Every structure is written in structure tokens, then in C-alpha cells.
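Asks: let's see this in three dimensions:
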Amino acid sequence: MAGKLHAMRSAARPKRAPWTTPGRLVALCVVAVASACTTGDVFELKPAVDVGSTTAALPKTSGLQSLVPSNPYMTAAYPRMDEPMSPVEQLSAEEVDCRQELKRLDVAYTDLAPIREGQCGIEHPVKVTAIGSVQMKPAATLSCNMAATFAAWTEKELVPTARWRYFSGVKTIHQGSSYSCRRIAGEGVLSEHGKGNALDVMSIELNNGEDIDVRKPGWFAFRTSGFLDSVRSDGCDYFTTVLGPGYNYDHRNHFHFDVKNRKNGYRACR
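Replies: Down below sits the predicted model:
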């Protein structure tokens, strides 16, 4: 009787398909997911932040960023040393008048952000690229006063002297140093370059293709000698310091011009 009852229960229980057991069901799901990833649609993984808006949300800074963003999608912006300065209202009346003079002299310039390096620096620097049709290469970073003084000398003395002696206009002034934080060699005194009040001229290129090197010319280079003598002597009417070849070894290959403020209006022209 017990044998018949067991046979009846086995016949009444529905048979499970071999692939529908619990273990096989899990395996089937894994296979289905893998199949969808390889043969079906590809799902794009997106970052948790909006890459397009994080950079725009960075706060403005006046100096170099001191913290590196922890978000790998965020980019830090580092301002350039020669970043243009926009708020003209920060300029004093004297600086505003100086810039009006630059425009009158047809100077191509850009206002830069203040430069501060210890004892060195320029509160309101300008970057000069040209004076009228005369190019400045490379562009010179100067105080506005020095830029205006140099521009007036270029327009009223340098260009006319070149036309008189070479029958040619001036194409490019090649300068070797404008603003530079350094001291005067052998003296330990801050150089006028460290205030943006000095400019070193290495050579003067004319429109006729001639490039006049400032270094002391040969014995029979009369025209070049006369031109360089005029550069030196005329410069003394505009700058408080004019030093060039023959003064010392450090100035053997350039003219140094600056507007250093000295007592009793003393000028050093050598």
C-alpha cells in the first residue's frame, strides 16, 4: 500500500525542466547579461559631475592656485604673468595722463596686471610692441613713464637721425632687457630694470635692411660711428642714464637707457 501511495505522489508532482533549476537560472541570467553587453546596445557611463560646467564655476584668483582640485574632471586655471589688466579705474590721474601720452605718440601697448617680486615690481606696467611704425622686439615690459620717454626719443631723435644718415626709416628696435628683477653688478643696488624704468637696446634695424649693431664699430665705419654717437648724445636729453660701449665691459654690446630719479637732476651719460 505504501509503495502505491509513493508512486501516486510522484506521478502527481509536475516535472521540472532540467534548465529551470535554481542554480541553472542564475547561470542563465549571467549569460544573458553578458550577451546584452557584447551583442546588444552599449551603455555609456557618465561622470557624476557635469564636465562642461565645473571649469566655469571656478573662483577667480589673483595669484597661482595653491590647491589642486580633487575632482579629476575639474581643470585649474593659472593666470599668466602678463595677463592684461582691465579695471582702468584703478589707475591714478598721473597714470591715466601717461597713457594718453602713449596714445598721442602712437604707441601700441597693453596694460598688464601689477608685478610684485619683493623689492622689484611695477604697479601699473605696460607691454610695448611698437612705436608708430617701429616694432619693438621682443615686446618690452616697462613703467608707463619709461615707455613714454622712450617713445618720445624714438619719434623725435632716433627716426630723424636714421633718415638723415642712412636715408631710411627705422623698422625694428631689438631690445635685450626691459623689466628684470636684478641688482646692479658689483654694487648690490637694485637696478632700474627691477622697477621697469630701464631698457637695453642691442641693435637698430632699418627699412633698407641694414641692421646697426650697437657694439663699437671699426675705425672706418664713419657713418655708423656718427649714428651711434647721436644715439648716445640725443638720449641724454630724454633719459637720466645713458650707458653704452666704452663705458665698461658689461655695456660693451648695448645701450642702457633709464629714467632713474636722482638728486639735483644729475644725469649719467657715458
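Asks: make it CA atoms for all contacts and neighbour counts henceforth
Replies: Will do.
Asks: poorly predicted segments of the stretch 1-150 of the chain, please.
Replies: The stretch 1-150 of the chain contains residues with pLDDT under 70 at 1-89.
Asks: which residues are in contact with Glu192?
Replies: Residues counted as contacts of Glu192 (Cα atoms under 8 Å, 6 or more residues apart in numbering) are Ala198, Asp258, Val259, Lys260.
Asks: phi first, then psi, for it.
Replies: As for Glu192, its main-chain torsions (degrees, to the nearest 10) stand at phi -60, psi -20.
Asks: dump the residue contacts of Tyr238.
Replies: Tyr238 sits in contact with Thr149, Phe150, Trp153, where contact means Cα under 8 Å, 6+ apart.
Asks: got those as a markdown table, with secondary structure and distance to Ile131 columns?
Replies: Shown next, in a markdown table, are the contacts of Tyr238 (DSSP: H, G, I helix; E, B strand; the rest coil; distance: Cα to Cα, whole Å):
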| residue | secondary structure | distance to Ile131 |
| --- | --- | --- |
| Thr149 | helix | 11 |
| Phe150 | helix | 9 |
| Trp153 | helix | 10 |
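Asks: from the contacts of Glu192, which land in helices?
Replies: Within these, no residue falls in helices by DSSP state H.
Asks: for Ala198, give its distance to Ile122.
Replies: Computed with Cα to Cα, to the nearest Å, the distance linking Ala198 and Ile122 is 12 Å.
Asks: whoops, Tyr247 was the one
Replies: 28 Å.
Asks: these two: which is more packed in?
Replies: Ile122 (21 against 12; other Cα atoms under 10 Å).
Asks: partner residues bridging the more buried one?
Replies: On the basis of DSSP bridges, Ile122 is bridged to Ile115.
Asks: wait, what's in contact with it?
Replies: Ile122 neighbours (Cα under 8 Å, 6+ apart): Pro114, Ile115, Arg116, Leu142, Ser143, Lys195, Gly196.
Asks: save the residues you listed as a markdown table, and put in neighbour count and distance to Arg267 too.
Replies: Formatted as a markdown table, the contacts of Ile122 follow (neighbours: other Cα atoms under 10 Å; distance: Cα to Cα, whole Å):
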| residue | neighbour count | distance to Arg267 |
| --- | --- | --- |
| Pro114 | 17 | 29 |
| Ile115 | 17 | 27 |
| Arg116 | 13 | 28 |
| Leu142 | 26 | 20 |
| Ser143 | 25 | 19 |
| Lys195 | 25 | 18 |
| Gly196 | 31 | 18 |
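Asks: helix/strand/coil for His256?
Replies: strand (DSSP: H, G, I helix; E, B strand; the rest coil).
Asks: against Asp229, how distant is it?
Replies: 14 Å.
Asks: so for these two, which sits in the more crowded spot?
Replies: Using other Cα under 10 Å, the more surrounded residue of His256 and Asp229 is His256, with 24 against 12.
Asks: which ones among the contacts of Glu192 map onto strands?
Replies: Among those, the members falling in strands (DSSP state E) are Ala198, Asp258.
Asks: can you redo the contacts of Ile122 as TSV with distance to Cys181?
Replies: Compiled in TSV, the contacts of Ile122 are given as follows (distance: Cα to Cα, whole Å):
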residue	distance to Cys181
Pro114	14
Ile115	10
Arg116	10
Leu142	12
Ser143	14
Lys195	8
Gly196	9
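Asks: ok, those residues vs Gln135, which is closest?
Replies: Leu142 (15.3 Å; Cα to Cα).
Asks: just the pLDDT for the residue lying closest to Arg215 once chain neighbours are set aside.
Replies: Once flanking residues are discounted, Arg215 sits nearest to Asn253: 4.6 Å by Cα to Cα, 6 or more residues apart in numbering. Looking at Asn253, its pLDDT is 94.
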